[in-house]
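Novice: Structural data only, the sequence is not supplied:
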């Protein structure tokens, strides 16, 4: 059964979750109806608090994200302080950049949904990368946009792993939570170094494990060092990267038992209030949209170029590069100028 | 002291390692001299066997790669069977996609160099991503090209982590080695799923740890399953992805003691011989160059567009997108068509 984009958008706005799930699939597959529906939905976006949650493998992210979603559903929305407002609807987008081929996401969703069963105010969606990385970041943005339009006030974007892909995805969020845990190997510790610098909130999960105190104090030391470095260059880029007044807290949690999760939810809300007050919220909105537009521009330019030029020319240039007649960079210059060889 | 591209290229071809190191830095920083030198060097490329080595954090990749480099240096090159030929020169390119900000690569290089001290036939280079992922993949290709021209017959491309970025980088290799180890967490196991499918050779390192037999048999089972799936769709894409006759072996190693490393080196040589015989080598060369050219095309198209268009238009479109007047995809279409709003 086919459905027109207007119909899709209407049903999504009316709160139809099955249609929402279908729309997300259409968006992921880049189907025209899905993209057209997204265009219609776009004016309804801009209300969600996007929270990126990342960290190395083995830190217990999924469990923590599930618990956090549950806690947010019990918090009263802060738009109305009469105690009358509904809690925000919460969406979880779990992004797995490490699984390029297999489509194992759906089973995972079902298992995770079961933990949160019965609450229609929570929606979980997993995404695996199906091609290039740029593709994954792009379709994540689109999926988040659709969820924003569908009325989810809180969107948790969980990334599996802590590589560059995950960092790029996390950077599109308003609030970035980085999860660590005791007892991870040296390699994993090394991964942390880069990601520490973009954290708004640090969490040490699995605090019931031996070594938790060490992990907490190591993070504290790394953070203090980072701040000392930043303050020595008063107007450096890294200083501007963070909100002026916010200093990332380090929170201990035991997600399996729910310990520390309400405190984490509060810290996330505090961060939101802080960056809204300082103008950092608007700056982050602008920056993430800028990155998004640049990605779309890149994609559209290539598409348009490919439509206007024959594959034959590209293939013959490829041949010449492989036989070492032409150097790759020069080949592309020739291709763009439309010069024959 | 400045140097012209011709001078750089000449010295690199003459085996000057200091100049090579300098050239690689120029290439990484996209300095014109570096890129021009690469153009001059390009006809000298096409001789190296590129070996991608990847796997989850904690599998002991660096130690294994160091050992493997040492073993390759003791093997007599197979071009001359009189026992007179020199062993291949070996380059190691260690790519860390997870460290976007810090420049900690150099210290690591020195520590690793020390282990292999005294052999001028081994060259180690670390690369951290300095911007986007596409940038990392691109500069890795260029660095590998320079090493190829400089006469390294074997280039080991080691990626830290096992995300999409690493997979994309590994795919540019002729032979892909995936490393596993016993006792990794569930998250890490999950990461493996995607990467298994691109492995030409599987290694279970740290085979002295408890659970090694389980890891070996789990991999064996996963591999058998994968092959069963492939053969059920006789002309499926995945079938064609791999070389026709090659079946990935699973090799146990204890890299810290050097156990199993000569067998791994032999398996890598066997894989090369196999794919050369079946034509798969040429297909992989073509595919990886195609990906490279597409990346360069994308980059050049955007550069050219940006040169021809004012930032003012882009910024004003960004404003309109942020106020929800225009949807992102539509904004880009307008920008490309040069239509005002």
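Specialist: Done, it's in. Owing to the predicted nature of the structure, the values given are computational and were not obtained by experimental measurement. Numbers count the residues shown, from 1 in each chain, chains lettered A, B, ... in the order given.

Novice: Phi and psi next, for residue A:284.
Specialist: phi -70, psi -40 (degrees, to the nearest 10).

Novice: What about the residue nearest to it when sequence neighbours are not counted, how many residues nearby?
Specialist: Spatially, and ignoring its direct neighbours in sequence, residue A:284 is nearest to residue A:174 (5.5 Å; CB to CB, 6 or more residues apart in numbering or on different chains). To be clear about C-beta, it is placed using only N, CA and C from the backbone, and glycine gets the same treatment. Residue crowding around residue A:174 was assessed by other CB atoms under 10 Å in any protein chain shown; the count is 21.

Novice: From residue A:25, how far out is residue A:174?
Specialist: 26 Å (CB to CB, to the nearest Å).

Novice: Residue A:176 should be in a strand, yeah?
Specialist: Yes. Per DSSP: H, G, I helix; E, B strand; the rest coil, residue A:176 lies within a strand segment.

Novice: List the contacts of it.
Specialist: Contact analysis of residue A:176 by CB atoms under 8 Å, 6 or more residues apart in numbering or on different chains lists A:51-52, A:54, A:170, A:198-201.

Novice: Specify the local secondary structure of the residue nearest to residue A:65 when sequence neighbours are not counted.
Specialist: Leaving aside its chain neighbours, residue A:65 sits nearest to residue A:158 (4.8 Å; criterion: CB to CB, 6+ apart). Assigned state for residue A:158: strand (three-state reduction, three-state DSSP).

Novice: go on, residue A:321?
Specialist: Assigned with three-state DSSP, residue A:321 falls in the helix class.

Novice: so what's it up against?
Specialist: Shown in contact with residue A:321 (CB under 8 Å, 6+ apart): A:327-328, A:331, B:289, B:293.

Novice: in the stretch 101-250 of chain A, which spans are helices?
Specialist: Taking DSSP state H, counting those that start in this stretch to define them, one finds helices in the stretch 101-250 of chain A at A:105-115, A:133-149, A:164-170, A:186-196, A:212-232, A:237-241.

Novice: For the stretch 51-200 of chain A, give me the ranges with low pLDDT.
Specialist: Scanning the stretch 51-200 of chain A for pLDDT under 70 picks out A:76-85, A:97-118, A:128-135, A:160-166, A:185-195.

Novice: ok, now the stretch 201-341 of chain A?
Specialist: Using pLDDT under 70, the stretch 201-341 of chain A drops low at A:226-244, A:339-341.

Novice: Show me what from it comes close to chain B.
Specialist: Residues of the stretch 201-341 of chain A lying close to chain B (CB under 8 Å from any CB of the partner chain) are A:285-286, A:289-290, A:292-294, A:296-298, A:300-302, A:304-305, A:314, A:317-318, A:321-322, A:324, A:327-333, A:335-336.

Novice: Keep only those of those that are in strands.
Specialist: Judged by DSSP state E, these include no members of strands.

Novice: if we can go back for a sec, beta partners of the residue nearest to residue A:65?
Specialist: On the basis of DSSP bridges, residue A:158 is bridged to residue A:53, residue A:94.

Novice: Look at it and say how many residues are nearby.
Specialist: When neighbours are counted by other CB under 10 Å, residue A:158 registers 28.

Novice: give the contact list for it.
Specialist: Contact analysis of residue A:158 by CB under 8 Å, 6+ apart lists A:53-54, A:61-62, A:65, A:92-95.

Novice: For those, which two are the farthest from each other?
Specialist: Spatial extent of the contacts of residue A:158 (CB to CB) is set by the pair A:54 and A:92 at 13.5 Å.
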